[in-house]
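Just a sequence and a predicted model for now, questions to come.
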Amino acid sequence: MATQNTVPNLTLSQDARLYKYVRLPSGWKYLRADYSENFGLKPHSVFLPKTNTPTVVEGGKYVASDGGKWHPLSPDPNEAWMLFKLYRNEGRKSQLEVKSQQLRQQLATGQKKVVQEEKPKVLTVGDTKFNGQIFDAPLSEVILCVVFSSEWVS
């Protein structure tokens, strides 16, 4: 069992899933936990085999499944959910670090080049007449003048 003070060095992929290992009348089973990324884990709620209906099953412990391996998390639903998210974020972080290192290496060897962004050019309308004055203005300002101040344009 993992606790906040003794978090093992574990990273999970983004494909990892959360299960609950529980005892049923037919024996011990890994059942898919009822959770969503947006709303979190529903405590002790699992999907029984061959059903799409969530059912509350007390007892057991939460585990993560990743790459065909089972990783124990915690019997407490809140702690298990926190650890599950933490380990998945660590996995994502390590993926980004690898990609960042690869990009740095490509830049250093000249395989990739840094592209300098140019500022976008502003389209202007020459000799715009506004309130009796002639000036050179960006197109967006001219459109705003026409839309919001049509009574001023002569």
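Thanks, I have it.

Distance from the longest strand belonging to the chain to the middle of the chain?
Longest strand of the chain, by residue count under DSSP state E: strand 27-36. Remark: strand 27-36 is offset 24 Å from the chain centroid, using CA atoms, centre = their mean, to the nearest Å.

So which residues of this structure form helices?
Ranges of helices in the chain, per DSSP state H, are 77-109, 139-148.

Okay, domains of this structure per the record?
Domain assignment of the chain by automatic domain parsing yields the ranges 17-109, 117-154.

Including mean pLDDT and distance to Thr11, could those domains go into JSON lines?
Any C-beta I mention is one placed from the backbone N, CA and C, and that applies to glycine too. Below are the domains of the chain laid out as JSON lines (pLDDT from 0 to 100; distance: least, CB to CB, whole Å):
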{"stretch": "domain 17-109", "mean pLDDT": "86", "distance to Thr11": "4"}
{"stretch": "domain 117-154", "mean pLDDT": "54", "distance to Thr11": "34"}
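
that older thread, can you tell me which of the helices of the chain is most buried?
Among these, helix 77-109 has the highest mean neighbour count (mean count of other CB atoms under 10 Å), at a mean of 14.

picking up where we left off before, need the domains of the chain in a markdown table (columns: distance to Leu10).
Below are the domains of the chain laid out as a markdown table (distance: least, CB to CB, whole Å):
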| stretch | distance to Leu10 |
| --- | --- |
| domain 17-109 | 5 |
| domain 117-154 | 40 |
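
ok, Asp76 to Gly60 distance?
Distance of Asp76 to Gly60, computed by CB to CB, to the nearest Å: 11 Å.

give me the number of residues near Arg112?
Just to correct that, residue 112 is Lys rather than Arg. Counted with other CB atoms under 10 Å, residues neighbouring Lys112 total 13.

ugh, wrong one, I meant Ala64
Neighbour count for Ala64, taken as other CB under 10 Å: 21.

Pull the contacting residues for Val22.
28-29, 31, 46, 57, 59-60 (CB atoms under 8 Å, 6 or more residues apart in numbering).

swap in Leu73?
2, 18, 61-64, 79-80, 83-84 are the contacts of Leu73 under CB under 8 Å, 6+ apart.
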